[in-house]
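**Student:** I'll drop the sequence and a predicted model, then ask my questions.
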Protein chains: 4
Amino acid sequence: MRTGRPRDEKVRLAILRAAQELVLEKGYSAVTTADVAKRAAAGKQTIYRWWPGKGALVLDAFSEWVSQAPRMSRRKPSLSSTLVEFCRGASEAAPVLRALMAEAQFDEDLHRRLIAQLVRPRGDELRACLADRRPADRELVVNVLSGLVWQRLMLNEPLDARFVRFALRVVQRI
Amino acid sequence: MRTGRPRDEKVRLAILRAAQELVLEKGYSAVTTADVAKRAAAGKQTIYRWWPGKGALVLDAFSEWVSQAPRMSRRKPSLSSTLVEFCRGASEAAPVLRALMAEAQFDEDLHRRLIAQLVRPRGDELRACLADRRPADRELVVNVLSGLVWQRLMLNEPLDARFVRFALRVVQRI
Amino acid sequence: MRTGRPRDEKVRLAILRAAQELVLEKGYSAVTTADVAKRAAAGKQTIYRWWPGKGALVLDAFSEWVSQAPRMSRRKPSLSSTLVEFCRGASEAAPVLRALMAEAQFDEDLHRRLIAQLVRPRGDELRACLADRRPADRELVVNVLSGLVWQRLMLNEPLDARFVRFALRVVQRI
Amino acid sequence: MRTGRPRDEKVRLAILRAAQELVLEKGYSAVTTADVAKRAAAGKQTIYRWWPGKGALVLDAFSEWVSQAPRMSRRKPSLSSTLVEFCRGASEAAPVLRALMAEAQFDEDLHRRLIAQLVRPRGDELRACLADRRPADRELVVNVLSGLVWQRLMLNEPLDARFVRFALRVVQRI
DNA sequence: CTGTAAACGAGACGGTACGTCAAGTCTTACC
DNA sequence: GGTAAGACTTGACGTACCGTCTCGTTTACAG
């Protein structure tokens, strides 16, 4: 049986919400774990008990945010609509995504989490839209598309409609 | 006319060499400007007088390194040989490139320098190999290739021969 | 009438024993209430329910220890033998006594407890050996002797036989 | 030759003054190194560069304070006047002295500093007043007097005129 | 040859974030 | 209501790195 005081879900949510708000307000690098604790009316120690650092915390905060917009559609979505939606989300969260990917370059653990929580799921979504392609082609397309998107993010170029058309044109050629 | 003591070229080179050595030995994030100054038998101030920070310094250090292997060939190189060479270089310097691109996400100025000194030149090299393609296609291919490479770097996946074959296959389809 | 579960004497003793052991093993300041709880297989709350803090707990732990060596002698003991015994005890427990007196300087409540449980009883023992002196002299001697001992403790100087001779010489002069 | 930027005397004094002021205002344990740094408009690191911690800093701050009241008298002062002066100073600074002696019980280095900077000098002053006594007696008296004073401090009892008379009576008997 | 002005090595400095630690309180389920 | 377990808030701690500053010294060029 589990003993001791159970983890307080309200505190967990308050921390995630505070992290998200602060990052949106001031940007990733201007936020400190102490700021988040303050805003969440929590102790710094509580944050460090459950997350290894700012990166993993912010990643969780935005992972939950993404998950709150569930993909309900029962039917297989089209590639183009998925890509549009994909770029819209990435565009909104661009500063956070850039910061997380950057931080992950300095932090092996965060790198793993980032891939598992953000990179892979998005790849899988794309893959799901390409069920009718041959497996080898599918990987090609997924790699090219996500490569284009991440490059665009890191080079701080817009992920707009023009980009989506560009990407789709590339894919049709393959 | 400029008066005062002129900049000491030996010092400049010692700093660049020290930066390069230390980054190769301990990795980008484990090196501080103070470390570089110490190793180069220079003062921290001398570093900050000529570079805005660690990022720009390391970028310069590795730009010079890259330039030391000049592309001598007078004749237009093939895309595949260029890509092979490209990946070989990127693979060797992968940890530094990852760190610089990451740091650039937090530093507007470094971001500009990185694009001007590393990203754009490499794009131009690729473009030069694609002189026979239609301009629109050329951009497509350059984008896709550099997207694939940077993604590979940031996800810490190998830029090996298998990857080169993969990339070339993609390009041939376009 | 008292309701609810009565205080568990075994727990009380386990806590006191754990506190004593740990303080002897690692020293007062290296021990935390959490450590004591762990060793005693008790909860931190149980400690804080019955003692205001580490200081009072350790004081109790060592008060009991001291009391376990009860002074049985029915006849009035001599000053010199009392002093010898006094110094022997103080010497053994010196680190704890130093720490408790130190802690008491930052904690009003512990200060009172320390005086009531350790300082005053020892003064009274001395007083009992000086029944044949004039009251005013008696206070003089008690003050001088306990002053010498506490000073010796706080300055971390030995309370050895040489010191006892020294102290007795002082007293004979008064 | 001394190289590098020399230590800034103004900063050193600002830190000592800030430490002294804050300790007098809020009491030793309510003051943190960060507070002192803030008040002195200094960096925390600057404090830790020159002092091992709060204890040594406060000790220095009050050592200087004591030294600013120099004993100018060329002629040998009387024991009683020295003792009066002694008690007056100890009485004023009582809270700080108690805290420092307490802290020193947990900190070997501070203990040494405290003895060298405060305990020994005061003992020497007393010794100087007892030049006409036999050496063995002298030590006796010095020990008894300082023992009485420190005990009085640690037990938080007043070092008033009554105490001085008491102490002098003791000494005359020896 | 001499004065001036910038470069330089050394390292102190103010500032800020970090991650850890202990103290004391609170919340479960069990007894 | 006592108890074990352990999560919680709070706040000090000491460290690390950043970029600036302030010394004394060195080096070129100007007068």
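**Tutor:** Done, it's in. Numbers count the residues shown, from 1 in each chain, chains lettered A, B, ... in the order given.
**Student:** check which helix or strand covers the closest residue to chain D within chain A.
**Tutor:** Closest residue of chain A to chain D, CB to the nearest CB: residue A:34 (13.3 Å). The way it works is simple: take the backbone N, C-alpha and C, and place the C-beta from them, glycine included. Using DSSP states H and E, residue A:34 sits within helix A:33-39.
**Student:** is DNA strand E within reach of that helix?
**Tutor:** Yes - contact of helix A:33-39 with DNA strand E (CB under 7 Å from any atom of the strand) involves A:33-34.
**Student:** check contacts around the residue of chain A closest to chain D.
**Tutor:** Counting by CB atoms under 8 Å, 6 or more residues apart in numbering or on different chains, residue A:34 touches residue A:44.
**Student:** if we can go back for a sec, for the record, mean pLDDT for the helix holding residue A:34?
**Tutor:** Mean pLDDT, helix A:33-39: 98.
**Student:** continuing past it, what's the next helix or strand?
**Tutor:** helix A:44-50.
**Student:** residue nearest the middle of chain A, spatially speaking?
**Tutor:** With distances taken as CA atoms, centre = their mean, the residue of chain A nearest its centroid is residue A:118 (4.3 Å).
**Student:** quick check: closest non-adjacent residue to that residue.
**Tutor:** In space, and not counting its chain neighbours, residue A:118 is closest to residue A:63: 6.8 Å by CB to CB, 6 or more residues apart in numbering or on different chains.
**Student:** can you check residue A:171 too?
**Tutor:** Across the structure, with CB to CB, 6+ apart as the measure, the residue nearest residue A:171 apart from its sequence neighbours is residue A:141 (5.5 Å).
**Student:** and that neighbour, what does it touch?
**Tutor:** Residue A:141 sits next to A:126, A:130, A:133, A:171, A:174 when contact means CB under 8 Å, 6+ apart.
**Student:** can you check residue A:174 too?
**Tutor:** Residues in contact with residue A:174, defined by CB under 8 Å, 6+ apart, are A:137, A:140-141, A:144, B:170, B:173-174.
**Student:** quick one, domains of chain A?
**Tutor:** Following automatic domain parsing, chain A resolves into domains at A:9-61, A:71-173.
**Student:** quick one: which of those is nearest residue C:101?
**Tutor:** Closest to residue C:101 of those, according to CB to CB: domain A:9-61, at 31.6 Å.
**Student:** can you check the distance spanned by that closest one, start to finish?
**Tutor:** 14 Å (CA to CA, to the nearest Å).
**Student:** hmm, it touching DNA strand F?
**Tutor:** Yes - Domain A:9-61 is in contact with DNA strand F by CB under 7 Å from any atom of the strand, via A:11-12, A:37, A:40-46, A:49-50.
**Student:** okay if I get the residues you listed as JSON lines plus distance to residue C:122 and neighbour count?
**Tutor:** Formatted as JSON lines, the residues of domain A:9-61 next to DNA strand F follow (distance: CB to CB, whole Å; neighbours: other CB atoms under 10 Å in any protein chain shown):
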{"residue": "A:11", "distance to residue C:122": "50", "neighbour count": "16"}
{"residue": "A:12", "distance to residue C:122": "54", "neighbour count": "15"}
{"residue": "A:37", "distance to residue C:122": "48", "neighbour count": "20"}
{"residue": "A:40", "distance to residue C:122": "52", "neighbour count": "22"}
{"residue": "A:41", "distance to residue C:122": "49", "neighbour count": "10"}
{"residue": "A:42", "distance to residue C:122": "48", "neighbour count": "18"}
{"residue": "A:43", "distance to residue C:122": "43", "neighbour count": "12"}
{"residue": "A:44", "distance to residue C:122": "45", "neighbour count": "13"}
{"residue": "A:45", "distance to residue C:122": "42", "neighbour count": "9"}
{"residue": "A:46", "distance to residue C:122": "46", "neighbour count": "17"}
{"residue": "A:49", "distance to residue C:122": "46", "neighbour count": "9"}
{"residue": "A:50", "distance to residue C:122": "50", "neighbour count": "14"}
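**Student:** closest to residue D:4 among those residues?
**Tutor:** residue A:44 (36.1 Å).
**Student:** name the single longest helix found in chain A.
**Tutor:** Ordering each helix of chain A by length in residues (DSSP state H) puts helix A:135-154 first.
**Student:** point me to the residue of chain A nearest chain C.
**Tutor:** For chain A, CB to the nearest CB, closest residue to chain C: residue A:4, 9.3 Å.
**Student:** for the host helix or strand of residue A:170, give the mean pLDDT please.
**Tutor:** Under the criterion of DSSP H and E, residue A:170 resides in helix A:161-173. Summarised as a single mean, pLDDT over helix A:161-173 is 91.
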